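> Coordinates only, no sequence provided:
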C-alpha cells in the first residue's frame, strides 16, 4: 500500500512498492492539510493502478518537468543477485541502497563501543543478539517502518512478557540505530516521535531492623559478613563483588569504592561520581575483621568464591539470597533492596542517607 510521509525538511513524499521494489518520490509540497489531501488522492490512484495492473511509472511521475525526485530502494532480500535484477524505471534516479539491519547494527556497535563502559557494551550486545537482530535480520534498515517497529514492541510484551522498563530499554537501542541510519542515508527516522511506555514506579521494599536480624541469623555463616556489609553500607551488589582488600582500611573505618565486578568483568564504578569513601559502622568493622581471616592473603577480593574468584551476582541471588529469605520467613524481594534497607536503617536512626559520607545520590526516597 502506498503511503504519504514527511521528510525531515518538512516536505511530503510518496512511499510505495512496485514490482518487488520500494520507491520514494519527493515533492516540493509542505506538510499542510490541503497538500496532504492532494497527495493522498494521488496515492489512492497509484494503489488502484498497481492492483489492477495498469500502473505505468511515467504516467504518475514523468521524467521531464517533474517536480518530484524518485528514489528506488532495494528490496529486502539477502540475495544480492536477485536485487540486482531490478532496474530503475523511467523517471527514477537511483540512490545508494541501505544495508541490511544486521550489517548496520554491527557497524554501529563497533563505532560506538569505544565510548561505553564494559557493562553497557554487554547490555547493548545482548539486546541486539536476543531481540533486534532476530526481529529485523531479513530487512534492509531503510525499509523498517513505524508500523513494523510498533508490531515489534507489541510482540515483546505479548509473546515474551517483558516489563515496560525492559521494552523501553530495547526500543531505545533500536531508536539509536535507526536514527543513525536515517542521518547517514538521508531518510525520515520512522520512530522519531514514538513515546516510551509508561513505567510503574519501582517498588521500594526494604527490610526492617528486625527482618535484617532474622536474615543474618538464617544466612550461612560464611556469607554473613557479605550481607552485614551490604545492609549497613548501602554498597551496590557490583561494588561489593568488586571490592578489594586494598580499598579497605579497618583502622580508619573506611571503604574505598573505585571498582565493580559486572558481567564477569572488573570495571569502573557506575559513574565517576560513584567513586567514593564509605564510613564503616561497628557491625561492618567486626564483619570485615572476621572476613579478612577467611580471604585476605589468598585473594585480592574481600568477598570471593572458594577458589579466590569474585562472587557471581546471579549465583549469590539464586543460592544464598532467595533461599535465606525463604528460610527466615521473609517476603521475596530483589537483592538490590539491601541498598534501600541501608537508607531505611539510617533514617530510623535519625540520619539522612543524603548527608551520610560516601552515599551517592540515588532514587531511593
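Cool, got the structure. What you see is a predicted model, and the numbers here were worked out from it, not measured in a lab. Numbers count the residues shown, from 1 in each chain.

> what about the helices in the stretch 51-200 of the chain?
57-60, 80-85, 101-112, 118-127, 133-136, 146-158, 164-185 (DSSP state H, counting those that start in this stretch).

> Reformat those helices as CSV; add mean neighbour count.
C-beta here means a position set from N, CA and C on the backbone, and glycine is covered the same way. Formatted as CSV, those follow (neighbours: other CB atoms under 10 Å):
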stretch, mean neighbour count
helix 57-60, 16
helix 80-85, 10
helix 101-112, 17
helix 118-127, 16
helix 133-136, 17
helix 146-158, 15
helix 164-185, 18
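
> Can you tell me which of those is nearest to residue 229?
helix 118-127 (21.5 Å; CB to CB).

> can you give me the mean pLDDT across the closest one?
Averaging pLDDT along helix 118-127 yields 92.

> what's the angle between it and helix 164-185?
Counting by axes from the mean of the first three to the mean of the last three CA atoms, to 10 degrees, helix 118-127 lies at 90 degrees to helix 164-185.

> what's the spacing between helix 118-127 and its chain's center?
Averaging C-alpha positions (CA atoms, centre = their mean, to the nearest Å) puts helix 118-127 8 Å from its chain's average.

> So this structure: which segments form each domain?
Per the record, the chain has its domains at 3-59, 101-185, 209-349, by the TED database.

> gap between the shortest one and the chain center?
Average the C-alpha atoms of domain 3-59, do the same for its chain, and the two points are 35 Å apart (CA atoms, centre = their mean).

> end to end, how far does that domain reach?
18 Å (CA to CA, to the nearest Å).

> what does stretch 310-325 give?
By CA to CA, one end of stretch 310-325 lies 23 Å from the other end.

> Give me the residue ranges of the chain where confidence is low.
62-96, 349-365 (pLDDT under 70).

> Let me have the domains of the chain in a markdown table, adding distance to residue 202 as columns.
Shown next, in a markdown table, are the domains of the chain (distance: least, CB to CB, whole Å):
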| stretch | distance to residue 202 |
| --- | --- |
| domain 3-59 | 36 |
| domain 101-185 | 8 |
| domain 209-349 | 9 |
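
> thinking again about what came up before, residue 268: which of the helices of the stretch 51-200 of the chain is closest?
Across those, closest to residue 268 is helix 118-127 (CB to CB), at 8.7 Å.

> tell me the angle that closest one makes with helix 101-112.
Going by the same axes, to 10 degrees, helix 118-127 makes 180 degrees with helix 101-112.

> So which residues of the stretch 251-365 of the chain form helices?
282-295, 313-316, 322-327, 337-348.

> Export those helices as TSV, with columns for distance to residue 169 and mean neighbour count.
Written out in TSV, the entries for these read as follows (distance: least, CB to CB, whole Å; neighbours: other CB atoms under 10 Å):
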stretch	distance to residue 169	mean neighbour count
helix 282-295	34	16
helix 313-316	18	14
helix 322-327	24	16
helix 337-348	20	20
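
> Make TSV from those and add distance to residue 227 to it.
Supplementary listing: those in TSV, determined by distance: least, CB to CB, whole Å:
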stretch	distance to residue 227
helix 282-295	9
helix 313-316	10
helix 322-327	8
helix 337-348	7
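
> Nearest to residue 162, out of the ones you listed?
Short answer: helix 313-316, nearest of those by CB to CB, at 18.3 Å.

> what helices or strands is the closest one leaning on?
Under the contact criterion of 3 or more CB pairs under 8 Å, 6 or more residues apart in numbering; DSSP states H and E, helix 313-316 touches helix 237-241.

> returning to that earlier point: now the helices of the stretch 51-200 of the chain as JSON lines including distance to residue 199?
Below are the helices of the stretch 51-200 of the chain laid out as JSON lines (distance: least, CB to CB, whole Å):
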{"stretch": "helix 57-60", "distance to residue 199": "46"}
{"stretch": "helix 80-85", "distance to residue 199": "41"}
{"stretch": "helix 101-112", "distance to residue 199": "25"}
{"stretch": "helix 118-127", "distance to residue 199": "17"}
{"stretch": "helix 133-136", "distance to residue 199": "22"}
{"stretch": "helix 146-158", "distance to residue 199": "13"}
{"stretch": "helix 164-185", "distance to residue 199": "5"}
